[in-house]
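Participant: any chance you could fold what I've pasted below:
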Amino acid sequence: MMQKIRHTSVAPTRTQRLASGGEIDAHRHDDHQIAYASKGAIAVTTDAGSWVAPATRAIWIPAGTVHRHQAHGELDLHLVGLPATDNPLGLDKPAVLAVSPLLRELIVAYTHDPDNDSPPHLRLRAVMLDQLTISPEQPLHLPVPTDPLLRELHDVLCGDPADNRSLDDLGRQIGASARTLSRRLRDDLGLTYPQWRTQVRLHHALLLLADDVPVTAVAHRCGWSSASTFINVFRRAFGHTPGTRPTA
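Facilitator: The predicted model follows:
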């Protein structure tokens, strides 16, 4: 559980820079918030898991959610606060959203001058909200299991995403059979072990890429047999190759 939780009634709208590894500590606010990194990757962590977003994605944080931010790579962070009554996608849990080139520019422009109440700025906000309503949710959530055995397995995999041992071997380490672990994974997370391990690996791959680790090294450190295999898995998950970056 997170400690020393700050409560900020109004979710701020602003642009700020964070060094790689920089954090915004655990807090909550009464508004919704969108966190978008136009440079680097932002990770948002709650008790339910972690959401990570490179510069083609944004993270939706519902009102009241206790969360913290962490920067991976040099981060240009854009935060958009929205009243609890403004929920374009009707989401009540954190989610990662696709960011189109247009939405990217709208967020960057809107957070550049957050205190501007001029009619053009308000129209910009309205278009931004319209674009959010058509932003599909993306599978970039790494859930944290509630089951104690699965939490042990989670710690092993996150400690070394390249660990290629079978579920039988991992089960012997933590004192459970592969059948038991498989059943609990289905009950707790709705995933098979290979599906969950792939999510762990993709999550870590995004963070390494944000720190400019070469694609081949990322593939090796996250357990893929070759860079080409990693690229294919990454493309299927995210719709683009690992080296793709948005235009400035």
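
Participant: just checking: what are the partner strands of whichever strand or helix holds His7?
Facilitator: Using DSSP states H and E, His7 sits within strand 6-8. Paired neighbours of strand 6-8 in the sheet (DSSP bridges): strand 23-29 (parallel).

Participant: how far does the partner strand sit from its chain's centre?
Facilitator: Averaging C-alpha positions (CA atoms, centre = their mean, to the nearest Å) puts strand 23-29 15 Å from its chain's average.

Participant: residues in contact with stretch 142-153?
Facilitator: 47-52, 154, 170, 174-176, 180-181, 184-185, 187-189, 199-200, 203 (CB atoms under 8 Å, 6 or more residues apart in numbering). Placement of C-beta: from N, CA and C, glycine included.

Participant: kindly recompute the last result at 10 Å.
Facilitator: 43, 45-52, 154, 158, 167, 170-171, 173-176, 180-181, 184-185, 187-191, 193, 196-197, 199-200, 202-204, 206 (CB atoms under 10 Å, 6 or more residues apart in numbering).

Participant: how about it as CSV, C-alpha atoms only?
Facilitator: The C-alpha coordinates for stretch 142-153 follow below in CSV (Å, rounded to 0.1, in the frame of the first residue of the first chain):
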residue,chain,number,x,y,z
LEU,A,142,0.5,-4.5,-16.0
PRO,A,143,-1.9,-5.8,-13.3
VAL,A,144,-0.6,-6.6,-9.8
PRO,A,145,-2.1,-9.9,-8.6
THR,A,146,-4.0,-10.0,-5.3
ASP,A,147,-3.1,-13.7,-4.7
PRO,A,148,0.0,-14.0,-2.5
LEU,A,149,1.5,-16.8,-4.6
LEU,A,150,1.0,-14.8,-7.8
ARG,A,151,2.6,-11.8,-6.1
GLU,A,152,5.7,-13.9,-5.5
LEU,A,153,5.7,-15.0,-9.2
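
Participant: which of the contacts of stretch 142-153 fall within strands?
Facilitator: Using DSSP state E, the subset of the contacts of stretch 142-153 located in strands is 43, 45-46, 49-52.

Participant: dump those into JSON lines; add pLDDT and neighbour count as well.
Facilitator: Below are the ones in strands among the contacts of stretch 142-153 laid out as JSON lines (pLDDT from 0 to 100; neighbours: other CB atoms under 10 Å):
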{"residue": "Ala43", "pLDDT": "88", "neighbour count": "23"}
{"residue": "Thr45", "pLDDT": "87", "neighbour count": "20"}
{"residue": "Thr46", "pLDDT": "86", "neighbour count": "18"}
{"residue": "Gly49", "pLDDT": "82", "neighbour count": "17"}
{"residue": "Ser50", "pLDDT": "84", "neighbour count": "20"}
{"residue": "Trp51", "pLDDT": "86", "neighbour count": "26"}
{"residue": "Val52", "pLDDT": "84", "neighbour count": "25"}
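
Participant: out of these, which two sit at the greatest distance?
Facilitator: Spanning the widest gap among the ones in strands among the contacts of stretch 142-153 are Thr46 and Val52, at 12.6 Å by CB to CB.

Participant: buried ones among the contacts of stretch 142-153?
Facilitator: Neighbour-count burial (16 or more other CB atoms under 10 Å) is assigned, among the contacts of stretch 142-153, to 43, 45-46, 49-52, 154, 167, 170-171, 176, 181, 184-185, 188-189, 191, 193, 196-197, 199-200, 202-204, 206.
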